[in-house]
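K.L.:
this one's structure only:
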């Protein structure tokens, strides 16, 4: 007789980092590399002159350079750094839906906004590599840490 607890058909099995295949982890690593390398190419060259940029542009450059460094850590620890990918998806989807889409609907999409929208649209790559079922089980459905 088995000592394992019976499972119900309606309760999905919890997806753990150990249950993610090497292939799945490598797909996630490709997403981290895509994100990190893209930011290296676009934002790192701006870093030495960040002090000369307008305030919020300099903040954005520094934030995105930091994000690229975290993305590179995700190459080694893909599941531990998943919040970096989720943050990337979240801010880009928010910007596309709350800023770019209303401007585009009004027909007032200028060149700078269009350029940012195209760059943000590459988030589809990150959306594709995130194991969303794992994210749901690990960060949304799972109980949180103790408060005391």
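P.N.:
That came in fine, so what should we check first? All values reported here derive from a predicted model rather than from experimental measurement.
K.L.:
Mind jotting down where the strands sit in the chain?
P.N.:
Shown for the chain, no strands are assigned by DSSP state E.
K.L.:
where does it have low pLDDT?
P.N.:
Where the chain drops to pLDDT under 70, the residues are 1-18.
K.L.:
now the helices for this protein?
P.N.:
All helices of the chain, identified by DSSP state H, fall at 22-42, 55-76, 82-95, 101-105, 111-121, 123-129, 132-135.
K.L.:
Tell me how far the longest one lies from the chain's centre.
P.N.:
If I follow you right, that is helix 55-76. The chain centroid and the centroid of helix 55-76 are separated by 12 Å under C-alpha atoms, centre = their mean, to the nearest Å.
K.L.:
Please apply the same query to the shortest one.
P.N.:
For helix 132-135, the separation from the chain centroid amounts to 13 Å (computed by C-alpha atoms, centre = their mean).
K.L.:
next one: the third one
P.N.:
On the basis of C-alpha atoms, centre = their mean, the separation between the geometric centre of helix 82-95 and that of its chain is 4 Å.
K.L.:
Can you name the residues in contact with it?
P.N.:
Contacts to helix 82-95, defined as C-beta atoms under 8 Å, 6 or more residues apart in numbering, come from residues 28, 31-32, 35, 67, 70-71, 74, 116, 120, 123, 126-127, 129-131, 134-135, 138-139. Every C-beta, even on glycine, is put in place using the N, C-alpha and C of the backbone.
K.L.:
Ok, the second one next?
P.N.:
With contact meaning C-beta under 8 Å, 6+ apart, helix 55-76 is reached by 28-29, 32-33, 35-36, 39-40, 43-44, 46-47, 50-51, 53, 80-82, 84-85, 87-88.
K.L.:
Return a ChimeraX selection command for the buried portion of the residues you listed.
P.N.:
In ChimeraX, this line selects whichever of these come out buried by 16 or more other C-beta atoms under 10 Å:
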select :28,29,32,35,36,39,43,46,81,82,84,85,88
